[in-house]
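Chemist: kindly generate the corresponding structure for this input.
(chains A and B)
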Amino acid sequence: MFDFYFDLPHWIRMALQGLAVMLVMFPIAAACSMAERKIAAWIQDRPGPNRTLAPILAWVPGIGFLQRLGIFQLAADGGKFAFKEDAIPGHVNKFYFVAAPIIAMIPALTTVVAVPFGAYIDSAGKLVPIVLANVDLGILVVFAVSSLGVYAVILAGWASNSKFPFLGGIRASAQLISYELSMTLSVLPVFLWTNGPLAGEPAGFTGSLNLARVVEFQSQAGFWGGAWFIFLMPLSAFIFLVALFAETNRQPFDTVESEADLVNSFGSEYGAFKWSLFYVAEYAHMLIGSAIFMILFFGGWNPLPWYTLSDLAHHLNFAHLPLVMGVVGIGIFIGKVLAMIFFFMWVRWTLPRFRYDQVMAIGWKKLLPLAIANLVAYTIGIALLYR
Amino acid sequence: MAVIPVERKPLTLAERTYIPQIVGGLRTTLKHLFRKPLTLEYPEQRPALPVGYRGVPTLVKDPNGREKCVSCQLCEFVCPPKAIRITPGEIPEESTNAHVEKAPQAFDIDMLRCIYCGLCQEVCPEEAIWLQNQFSMSGYTREEMVNNKAKLYELGGTLPDAHFKWDKKKAAEEHGNAH
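Modeler: Numbers count the residues shown, from 1 in each chain, chains lettered A, B, ... in the order given. Have a look, this model is predicted:
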């Protein structure tokens, strides 16, 4: 059925797959901005944007529901950003000023290559993850590339050549670098575990940082095999979550944007399309971050703890249909990621922003020691298990 | 004044982690997420106005369709921002209302000056000018924001009259006992 597709040259297939992922991810990142406005409104007992409607669509029955959801407001916002005059202030360094939003987008969209988002059972009865690049580096690629995003912030802050963007750029870079440490340390126990005592025969075994493997680990049989890592390592998950909020510049770690004291910080001098690129990049970071969180601690594409996608496929009898299983797996995974995005927004409209010194104190004095202690404890625990 | 020293209790460990507070906050916001919006969707839904609301000043007619204003100009004199301008006029002999003293030839209220204080309504001896429930006015030019006589009667409409004072006066005159 899909033979023609597998007969295509490898690079065309890769390009098509990449394009498909972009086509799903970019609209979701954009739609998140509308979701943010609607959730903000609902939490504040308002209806939110609900008036916009393209006049040529007004006759469609039931379109009022979409109108009330603000779907067309999203299109109107996008159109506004696309056609607005894209002014470049006279005092900026033009090259870096233009480069910064592009540099913000690149790592945000690149990290998706190493993130698996579904699985199917092939003809040999083996579970194959759906991922753009199924590399052993896995989490390392994601961390390495996503941390390049800090360059965009520094460049934007510096190239804007005015004081608030500069201060904001410095704050942002310090914050991103500080929380990266705790984040990396918090996921190490997960990979110690997946490469540790339960990883099968020590002989002929090779270590791997592959993310799909982490999900496979949470889909094994038995009580310990099927447990999601949130149950095995709640502290790691908590540290990762807090660091994730800080890394994606979300409330309560929103010191980067801090419109009250820094006038939108590094975005102050930006407008129109370039400004919106920063925001799409932020949402793309959130999407990838949530995806990683779901893979590491919430069982990836498995619908429930101790109930894997394969179980579901066998119960509903679609295990022999790779396409159906792939789509179901991707659907479950995207659903989980969107639930996580909702959590981000829920927290944003609940908590006030931390002061900058508090952000630094939490990062260095609380979270980092906690992450190190957590790592040491799990290392010892896993070593004892291994003996 | 007595000074009462209040002992500030040190935070407990749970409070210092800030997590119970975060969870409490999340619960509160989640409750609001499912609550019905408190806002009105304005042009379609209008707020319920209380009795005695002071909206745009208007001129009213009595139930017989007689314009009640007799252009005594008290409102013009009392108006603090000088928003009202009245040109008094005579009532033609052949009119059924000829027994009424006078009527305004022109009556302009500049809504860019009006401060909705309601003094005009309070001072009017004829109960002819009323601040009614209309509260949203807009226009593209300054001229549009001046309500002329026709506009004021259109906005005002007819209000019930408890006295019919001019009819009583006319009837008394016809019986020969003018007061």
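Chemist: how close does B:H175 get to chain A?
Modeler: B:H175 sits 64 Å away from chain A when distances are taken as CB to the nearest CB, to the nearest Å. In short, each C-beta sits where N, CA and C put it, glycine included.
Chemist: and B:P37, by the same measure?
Modeler: 5 Å.
Chemist: contacts only, for that residue.
Modeler: Remark: with contacts taken as CB atoms under 8 Å, 6 or more residues apart in numbering or on different chains, B:P37 is in contact with A:41-42, A:45-47.
Chemist: tell me which element the closest residue to it other than its chain neighbours falls in.
Modeler: Leaving aside its sequence neighbours, B:P37 sits nearest to A:P47 (CB to CB, 6 or more residues apart in numbering or on different chains; 4.7 Å). Per DSSP states H and E: A:P47 is located in neither a helix nor a strand.
Chemist: hang on, the earlier thing: mark which of the contacts of B:P37 are buried, thanks.
Modeler: In terms of neighbour count (16 or more other CB atoms under 10 Å in any protein chain shown), the buried residues within the contacts of B:P37 are A:41-42, A:47.
Chemist: tell me the helix or strand right after the longest helix belonging to chain B.
Modeler: With residue count as the measure and DSSP state H as the assignment, chain B has helix B:19-33 as its longest helix. Remark: after helix B:19-33, the chain's next helix or strand is strand B:57-59, criterion DSSP H and E.
Chemist: please enumerate residues in contact with that next one?
Modeler: Strand B:57-59 is touched from outside by B:67-69, B:107, B:109, B:114, B:116, B:118, B:120-121, B:128-132, B:134, B:149, B:152-153, B:155-157, with contacts defined as CB under 8 Å, 6+ apart.
Chemist: what does chain B have sitting close to chain A?
Modeler: Proximity of chain B to chain A (CB under 8 Å from any CB of the partner chain) is limited to residues B:22, B:25-26, B:28-30, B:32-39, B:41.
Chemist: nearest to A:W59, of these?
Modeler: If you rank those by distance to A:W59 using CB to CB, B:E41 comes first, at 22.1 Å.
Chemist: excluding chain neighbours, what is closest to the closest one?
Modeler: Nearest non-adjacent residue to B:E41, counting by CB to CB, 6+ apart: A:P47, 6.8 Å away.
Chemist: wait, what's in contact with that neighbour?
Modeler: When contacts are counted by CB under 8 Å, 6+ apart, A:P47 is found next to A:41, A:68, B:37, B:39, B:41.
Chemist: now whichever strand or helix holds B:F77: buried residues?
Modeler: B:F77 is located in helix B:74-78, with elements delineated by DSSP H and E. Within helix B:74-78, the residues that qualify as buried are B:74-76, counting by 16+ other CB under 10 Å.
Chemist: what is the rounded mean pLDDT of it?
Modeler: Averaging pLDDT along helix B:74-78 yields 93.
Chemist: now do stretch A:275-291
Modeler: 85.
Chemist: ok, now stretch A:74-83?
Modeler: Average pLDDT, stretch A:74-83: 84.
Chemist: dump that stretch to PDB, keeping only the CA atoms.
Modeler: What follows is stretch A:74-83 as a C-alpha-only set of coordinates in PDB (Å, rounded to 0.1, in the frame of the first residue of the first chain):
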ATOM      1  CA  LEU A  74      -6.000  33.600  15.400                       C
ATOM      2  CA  ALA A  75      -6.100  34.000  11.600                       C
ATOM      3  CA  ALA A  76      -6.700  37.800  12.000                       C
ATOM      4  CA  ASP A  77      -3.800  38.100  14.400                       C
ATOM      5  CA  GLY A  78      -1.600  36.100  12.100                       C
ATOM      6  CA  GLY A  79      -2.600  38.300   9.100                       C
ATOM      7  CA  LYS A  80      -2.000  41.400  11.100                       C
ATOM      8  CA  PHE A  81       1.500  40.300  12.100                       C
ATOM      9  CA  ALA A  82       2.300  39.300   8.500                       C
ATOM     10  CA  PHE A  83       1.200  42.500   6.900                       C
END
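Chemist: buried sites along it?
Modeler: Neighbour-count burial for stretch A:74-83 flags A:74, A:77-78, A:81 (criterion: 16+ other CB under 10 Å).
Chemist: can you give me the helices in the stretch 51-200 of chain A?
Modeler: Here the stretch 51-200 of chain A has its helices, by DSSP state H, counting those that start in this stretch, at A:63-69, A:71-83, A:94-110, A:139-146, A:149-159, A:163-194.
Chemist: quick check: mean pLDDT across the first one?
Modeler: Taken as a whole, helix A:63-69 carries a mean pLDDT of 80.
Chemist: any buried residues in it, and which?
Modeler: Within helix A:63-69, the residues scored as buried using 16+ other CB under 10 Å are A:67, A:69.
Chemist: what is it packed up against?
Modeler: Helix A:63-69 sits against no helix or strand, with contacts defined as 3 or more CB pairs under 8 Å, 6 or more residues apart in numbering or on different chains; DSSP states H and E.
Chemist: any residues touching that helix, and which ones?
Modeler: A:38, A:47, A:50-53, A:57, A:72.
Chemist: from those, which has minimum pLDDT?
Modeler: Note: of the contacts of helix A:63-69, the lowest pLDDT belongs to A:L57, at 79.
Chemist: setting aside sequence neighbours, what's the nearest residue to it?
Modeler: That would be A:I63: by CB to CB, 6+ apart, it lies 5.7 Å from A:L57.
Chemist: A:P89 now?
Modeler: Leaving aside its chain neighbours, A:P89 sits nearest to A:E269 (5.3 Å; criterion: CB to CB, 6+ apart).
Chemist: which residues are in contact with the one you found?
Modeler: Taking CB under 8 Å, 6+ apart as the criterion, A:E269 is in contact with A:89, A:92, A:97, A:160-162, A:165.
Chemist: of all pairs in those residues, which one spans the longest distance?
Modeler: A:F97 and A:S162 (11.3 Å).
Chemist: could you report the distance from the closest residue to chain B within the stretch 251-387 of chain A to A:F164?
Modeler: Nearest residue of the stretch 251-387 of chain A to chain B: A:T350, at 4.5 Å (CB to the nearest CB). In this view, A:T350 and A:F164 are 27 Å apart by CB to CB, to the nearest Å.
Chemist: A:T248 and A:M286 touch, don't they?
Modeler: Yes. In this structure, A:T248 is within contact of A:M286 by CB atoms under 8 Å, at 4.9 Å.
Chemist: mutual contacts of those two, please.
Modeler: Common contacts of A:T248 and A:M286, defined by CB under 8 Å, 6+ apart, comprise A:F344.
Chemist: what stretches of the chain score poorly on pLDDT?
Modeler: Defaulting to chain A. Along chain A, segments meeting pLDDT under 70 span A:1-3, A:125, A:196-206, A:387.
Chemist: actually, chain B is the one I wanted.
Modeler: Low-confidence regions of chain B, defined by pLDDT under 70, span residues B:178-179.
Chemist: the strands in it, which residues?
Modeler: In chain B, the strands defined using DSSP state E lie at B:57-59, B:84-89, B:103-110, B:129-131, B:146-147.
Chemist: list the pairing partners of the fourth one within its sheet, with orientation.
Modeler: The strands that strand B:129-131 pairs with in its sheet are strand B:57-59 (antiparallel) (by DSSP bridges).
Chemist: now do the same contact list for B:L38.
Modeler: Taking CB under 8 Å, 6+ apart as the contact definition, B:L38 lies against A:45-46.
Chemist: B:E101 and A:N50, how far apart?
Modeler: As judged by CB to CB, B:E101 and A:N50 stand 55 Å apart.
Chemist: between those two, which one's more packed in?
Modeler: In this view B:E101 and A:N50 are compared by other CB atoms under 10 Å in any protein chain shown, and A:N50 has more residues nearby, 18 against 14.
Chemist: what are the phi and psi angles of the more buried one?
Modeler: Geometry field for A:N50 lists phi and psi as phi -150, psi 20, criterion degrees, to the nearest 10.
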